[in-house]
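Visitor: Using only what follows, build the 3D model:
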Amino acid sequence: MVPAHCRNCEKAKREVTGAELRVRRIQAGFTLREFAARLGVSHVYLREVELGYRAGIKLREAIKAELAKAKKEAK
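Guide: Sure thing, here's the model as predicted:
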């Protein structure tokens, strides 16, 4: 069993990472629905990842790659 304080730390890490991803998505000019469609996931799931409710580790990597791709396309 994982101590409660460790679970809280993990959730806090997810929230920070999700918040960072949200900021980057918005800076790239994507709405939640647009970006979810580009990633092939539901906007509800993406929102949960951004809010830190879901870990979405593989999705986070896909988000970073998609944001990098969008940045190159914008140049």
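
Visitor: By mean pLDDT, flag the weakest helix or strand of the protein.
Guide: Here the helix or strand of the chain ranked lowest by mean pLDDT, DSSP states H and E is helix 4-27, holding a mean of 71.

Visitor: Going by neighbour count, which residues of the very next helix or strand once past that one are buried?
Guide: Once the chain leaves helix 4-27, the next helix or strand it forms, by DSSP states H and E, is helix 32-39. Residues of helix 32-39 classed as buried by neighbour count (16 or more other C-beta atoms under 10 Å): 35-36, 38-39. Placement of C-beta: from N, CA and C, glycine included.

Visitor: and what of stretch 41-57?
Guide: Within stretch 41-57, the residues that count as buried by 16+ other C-beta under 10 Å are 41, 46-50, 52, 55-56.

Visitor: now for those, which pair is the farthest apart?
Guide: Greatest spatial distance among those (C-beta to C-beta): Val41 and Gly52, at 16.1 Å.

Visitor: The buried residues of helix 32-39 into a markdown table, with extra columns for pLDDT and distance to Ala70?
Guide: Converted to a markdown table, the buried residues of helix 32-39 look like this (pLDDT from 0 to 100; distance: C-beta to C-beta, whole Å):
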| residue | pLDDT | distance to Ala70 |
| --- | --- | --- |
| Phe35 | 91 | 9 |
| Ala36 | 93 | 14 |
| Arg38 | 91 | 8 |
| Leu39 | 89 | 11 |
